[in-house]
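Give me a model of this one.
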Amino acid sequence: MRTIAHRHWYRSRDGFTLIELLVVIAIIGVLIGLFLPAVQQTREAARRLACGNNMKQLVLAVHNYASSKGGFPPSMLHTPGTVFATNNGSWGIHGRILPYIEQVAAAERINLEQPWDNGYPSGIVGTNWATVGSTRVETFVCPSEINNFFRTKNGVNYVYPTNYGFNFGTWFVYNPATGDGGDGAFHPNSHYRAKYFRDGLSKTLMVSEVKAFTPYVRNTSDPGSAYPAGSPPTDDSQIASLATGGQNKMGPATNSNTGHTEWPDGRVHHTGFTATFTPNTVVEFAVGGVSYDIDYNSQQEGKSATLKTFAAVTSRSYHNGVVNTGMIDGSIRKITDAIDLRIWQGLATRDGGEVANPP
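Below you'll find the predicted structure:
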């Protein structure tokens, strides 16, 4: 009798073992860890480039305005010795250059002779706020801004912020009694032409970055005797001392911090900057046990007929270690946080006589 051998057949199994799967996941995790920073850096570089392009458009718009009107736009219009009838009395540079940044439709719907919030809260067609309360100008906002949304008031959209502040000088901004302005490229009633920038067009700042929804303090006692025009505070802690007793515009909610949230407004804390401190300097001020990085405006322009305006409104950005700036000659520069304060302030003056070259 023949013995029949039994053959054992084994079926191959499909798929991975648990160990193999864990190894694959670990490898993917390592690759993500290697490539993610590079992707983030590439995205930030693209946002920084787009920010610079926005700034270029603003610089060119100011020059086109000057070609049409005979001089650079004023930061606002104010009659010396008077006060504004309403809180928001005069349009700033952003509103005046709308026709030159392809915002003709918005420009045609507003009246620069009326306060920019004329018509609030009703928003009646034909009033300024009917346009302002619904206008979002992309050119005014950096792609890296984390608070890229409307500021609200009483539960409705009020106005859109901006990330680009024009150069109001180093410290002193405006004397409402005499009409004298500061040492920057812009101030109330200014109308400068190229010949007034004796320090050099390539050596004078026109615009720099600021952060939207910045905490700030305004309407304090006059700091002019302690820090007269031309000699700003040299330490950010001195601003905290000046700010004590002022009107705080800050709080835990984003919407409570209202600096640089009103693109139409001509005041320095909304559409300007000063070179009191170097870019991205932290100016600490504590309220209710919470520390804030603040801006400072001693007196809102147009609020008093006699009290001067001094301001420490710092240029800030979300670009690591730098701010984008636009010079009077139209060039766009990256300025590092490490710039010497004397050079930074020299770049902010139009005719200070400093030999200040952008890095």
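
average pLDDT across stretch 331-349?
Stretch 331-349 carries an average pLDDT of 96.

how about it as CSV, C-alpha atoms only?
Extracted in CSV, the C-alpha atoms of stretch 331-349 (Å, rounded to 0.1, in the frame of the first residue of the first chain):
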residue,chain,number,x,y,z
SER,A,331,12.4,101.9,-2.6
ILE,A,332,11.3,99.2,-0.2
ARG,A,333,13.7,98.2,2.5
LYS,A,334,13.8,95.5,5.2
ILE,A,335,14.9,97.1,8.5
THR,A,336,16.1,94.8,11.3
ASP,A,337,15.1,95.2,14.9
ALA,A,338,18.8,95.6,15.7
ILE,A,339,19.1,98.9,13.9
ASP,A,340,20.8,101.6,16.0
LEU,A,341,18.2,104.0,17.4
ARG,A,342,20.2,107.1,16.2
ILE,A,343,20.1,105.7,12.6
TRP,A,344,16.4,104.8,12.9
GLN,A,345,15.5,108.3,14.1
GLY,A,346,17.7,109.9,11.5
LEU,A,347,15.7,108.0,8.8
ALA,A,348,12.5,109.4,10.3
THR,A,349,13.5,113.1,10.0
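
Go ahead and name everything in contact with that stretch.
Residues outside stretch 331-349 that contact it (Cβ atoms under 8 Å, 6 or more residues apart in numbering): 48, 52, 55-56, 59, 167, 169-170, 183-184, 199, 202-205, 208, 232, 234, 274-275, 277-281, 319, 321-327, 352, 354-359. Using the backbone N, CA and C atoms, a C-beta is placed for each residue, glycine as well.

Are any of those residues buried, and if so which?
Among these, those that count as buried by neighbour count (16 or more other Cβ atoms under 10 Å) are 48, 52, 55-56, 59, 167, 169-170, 183-184, 199, 203-205, 208, 232, 274-275, 277-281, 319, 322-327, 352, 356, 358.

For Thr204, see how far away Arg295 is.
No, residue 295 isn't Arg; it's Asp. Shown here: Asp295 relative to Thr204, a distance of 22 Å by Cβ to Cβ, to the nearest Å.

Let me fix that, I meant to ask about Lys153.
36 Å.

following the one helix or strand in the chain whose mean pLDDT sits lowest, which helix or strand shows up next?
Lowest mean confidence among the helices and strands of the chain (mean pLDDT, DSSP states H and E): helix 18-69, at a mean of 83. Reading on from helix 18-69 to the C-terminus, the next helix or strand found by DSSP states H and E is helix 93-96.

What residues sit buried inside that next one?
Ile93, His94, Gly95, Arg96.

Make CSV from the residues you listed and add distance to Glu108 and pLDDT to it.
Output for the buried residues of helix 93-96, formatted as CSV (distance: Cβ to Cβ, whole Å; pLDDT from 0 to 100):
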residue, distance to Glu108, pLDDT
Ile93, 18, 98
His94, 16, 98
Gly95, 13, 97
Arg96, 14, 97
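
Tabulate the residues you listed in a markdown table, adding columns for distance to Thr314.
Output for these, formatted as a markdown table (distance: Cβ to Cβ, whole Å):
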| residue | distance to Thr314 |
| --- | --- |
| Ile93 | 19 |
| His94 | 19 |
| Gly95 | 23 |
| Arg96 | 24 |
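
Tally up the residues packed near Val137, please.
For Val137, the neighbour count with other Cβ atoms under 10 Å is 18.
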